[in-house]
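> What would the 3D arrangement of this be:
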Amino acid sequence: MHEKKLVSCLGDNIKAARSAKSMTQSELAARLKISPRYLKAIENSGRKPSYGLLVTLVRELDIECDEVFCE
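Take a look at the predicted model:
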């Protein structure tokens, strides 16, 4: 899979998981200790989170790692 599409899919899946938890971007960003603008860039603009941030995202959203990646 092309890297750009994979990163876009990752952002879509993070957004869906956040929405399923009824969390705003601001609420999740505060828990992650990042700016809401950075979270928005991950969800919408294809910004790649670091490995450490990705692990923290998965924990905060209470999901499995494979749920954020595309098939």
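
> Going by C-alpha atoms from here, please, whenever you check contacts or count neighbours.
Will do.

> residues in contact with the lowest-mean-pLDDT helix or strand in the chain?
Using mean pLDDT, DSSP states H and E, helix 3-20 stands out as the lowest-scoring helix or strand of the chain, at a mean of 85. Helix 3-20 is contacted from outside by 24-25, 28, 42-48, 61, 63, 67-70, using C-alpha atoms under 8 Å, 6 or more residues apart in numbering.

> taking these one by one, which sit in helices?
Counting by DSSP state H, the part of the contacts of helix 3-20 found in helices is Q25, L28, I42, E43, N44, L61.

> Would you point out the most distant pair within those?
N44 and L61 (17.5 Å; C-alpha to C-alpha).

> burial count for S45?
As a burial measure, S45 scores 14 neighbours (other C-alpha atoms under 10 Å).

> Can you check the pLDDT for it?
S45 is assigned a pLDDT of 83 by the prediction.

> For it, which non-adjacent residue is closest in space?
Counting by C-alpha to C-alpha, 6 or more residues apart in numbering, S45 lies nearest to S8, which is 7.3 Å off, once chain neighbours are set aside.

> follow-up on the earlier one: so which of the ones in helices among the contacts of helix 3-20 is the most crowded?
Scoring the ones in helices among the contacts of helix 3-20 on neighbours with other C-alpha under 10 Å, the highest-scoring entry is E43 at 24 neighbours.

> and that residue, what is it in contact with?
Contacts of E43 by C-alpha under 8 Å, 6+ apart are S8, L10, G11, D12, I14, K15.

> show me the contacts for the closest residue to S35 other than its chain neighbours.
Distances taken as C-alpha to C-alpha, 6+ apart put A29 closest to S35, at 5.7 Å, once the chain neighbours are dropped. The neighbourhood of A29, defined by C-alpha under 8 Å, 6+ apart, consists of S35, P36, L39.

> how near is the second one to C65?
Okay, so that is P36. 22 Å (C-alpha to C-alpha, to the nearest Å).
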